[in-house]
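Engineer: Build me a model from this:
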Amino acid sequence: MLQVGLPAGIQGVFFNISNVLIQSSVNSFGSVVMAGNTAAVTLEGFVDTSVMAIYQTTLSFTSQHMGARKYKRIGKIFVVSLLMAVTAGVVFGGGAYLLADKLLRICISTDEAIGYGAVRLGIVGISYPLCGIMDVGASILRGMGYSILPTIVVLVGACIFRVVWIMTIFREYHSLVILYLSYPISWTLTSIILVACYLFVKRRFVERER
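Structural biologist: As a prediction, the model looks like this:
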């Protein structure tokens, strides 16, 4: 339990640290931007919940099939989970952006703040399919018994990358769009590495089953 749970917990801690730095960067644009950003983050919470549900399901199904030594089925779990995660990201993330004006007005009322919230949803919200791929990649590796590997990849590819982005690119180009771009870029890089790790690990188990 500690082998699987502790790395995941550490990952969550560092995610929160990077989110604090991003929030601090958002605060530098003033109270109106802060209000729009906070409202958008609230809506993204629903999108994130849908993606995390698939993350947990992938972890459960993978670990069960690993226990049954049905290694060849892991590939099907991975593909189906990816499709579900991407679909959830497109439907809920894209829906939040398309309905941004109406949904954001539930939380805030000023048009300027709503506009800033829509900017975030237009970059981060519609990028949630990438987040889904990253989460599925991490969860299937954990289900296969590799808990530390995805933790390291996510810490470097998502958390540390965002910190470096804020201290370099964002500092040079102090723009809200530049700040938000750290999300899809970090999700893309981390997803590519996690999928590559999964394919490498899966090959070992498939060869073992033969």
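Engineer: Please tell me how far Asp101 sits from Ala118.
Structural biologist: Here the distance between Asp101 and Ala118 works out to 7 Å (C-beta to C-beta, to the nearest Å). No exception for glycine: its C-beta is placed from N, CA and C like everyone else's.
Engineer: Same drill for the two, tell me which one is more crowded.
Structural biologist: Taking other C-beta atoms under 10 Å, Asp101 and Ala118 do not tie; Ala118 has more neighbours (20 against 12).
Engineer: Leaving out sequence neighbours, find the closest residue to the more buried one.
Structural biologist: The spatial neighbour of Ala118 that comes closest, neighbours along the chain excluded (C-beta to C-beta, 6 or more residues apart in numbering), is Ala100 at 4.2 Å.
Engineer: can you count the residues close to the one you found?
Structural biologist: Per other C-beta under 10 Å, the neighbour tally for Ala100 reads 22.
Engineer: which helices and strands sit right next to the lengthiest helix in the chain?
Structural biologist: Longest helix of the chain, by residue count under DSSP state H: helix 31-67. Secondary-structure packing of helix 31-67 (3 or more C-beta pairs under 8 Å, 6 or more residues apart in numbering; DSSP states H and E): helix 2-27, helix 73-88, helix 94-98, helix 100-104, helix 111-123, helix 128-143.
Engineer: Output these as CSV; include the columns mean pLDDT.
Structural biologist: What follows is those, written out as CSV (pLDDT from 0 to 100):
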stretch, mean pLDDT
helix 2-27, 77
helix 73-88, 93
helix 94-98, 94
helix 100-104, 93
helix 111-123, 94
helix 128-143, 93
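Engineer: between those helices, which one is nearest to Trp165?
Structural biologist: Of all these, helix 2-27 sits nearest to Trp165, with 9.4 Å by C-beta to C-beta.
Engineer: and the closest one, what other elements does it pack with?
Structural biologist: If you count contacts as 3+ C-beta pairs under 8 Å, 6+ apart, helix 2-27 packs onto helix 31-67, helix 148-154, helix 161-165, helix 176-180.
Engineer: How about the most centrally placed residue in the chain, nearest residue that isn't a chain neighbour?
Structural biologist: Among the residues of the chain, the one closest to the centroid is Cys131, at 3.2 Å (C-alpha atoms, centre = their mean). Excluding its sequence neighbours, the residue lying closest to Cys131 (C-beta to C-beta, 6+ apart) is Trp187, at 5.1 Å.
Engineer: Now do the contacts for that neighbour.
Structural biologist: The neighbours of Trp187, taking C-beta atoms under 8 Å, 6 or more residues apart in numbering as the test, are Ser127, Leu130, Cys131, Ile133, Met134, Ala158.
Engineer: switch the cut-off to 6 Å
Structural biologist: Contact analysis of Trp187 by C-beta atoms under 6 Å, 6 or more residues apart in numbering lists Leu130, Cys131, Met134.
Engineer: Kindly report the same for Ser81.
Structural biologist: Listed by C-beta under 6 Å, 6+ apart, the contact partners of Ser81 are Ile54, Thr58, Val136.
Engineer: ditto for Val90
Structural biologist: Pro129.
Engineer: how close does it get to Lys102?
Structural biologist: 19 Å.
Engineer: Ala96 now?
Structural biologist: Taken as C-beta to C-beta, the span from Ala96 to Lys102 is 10 Å.
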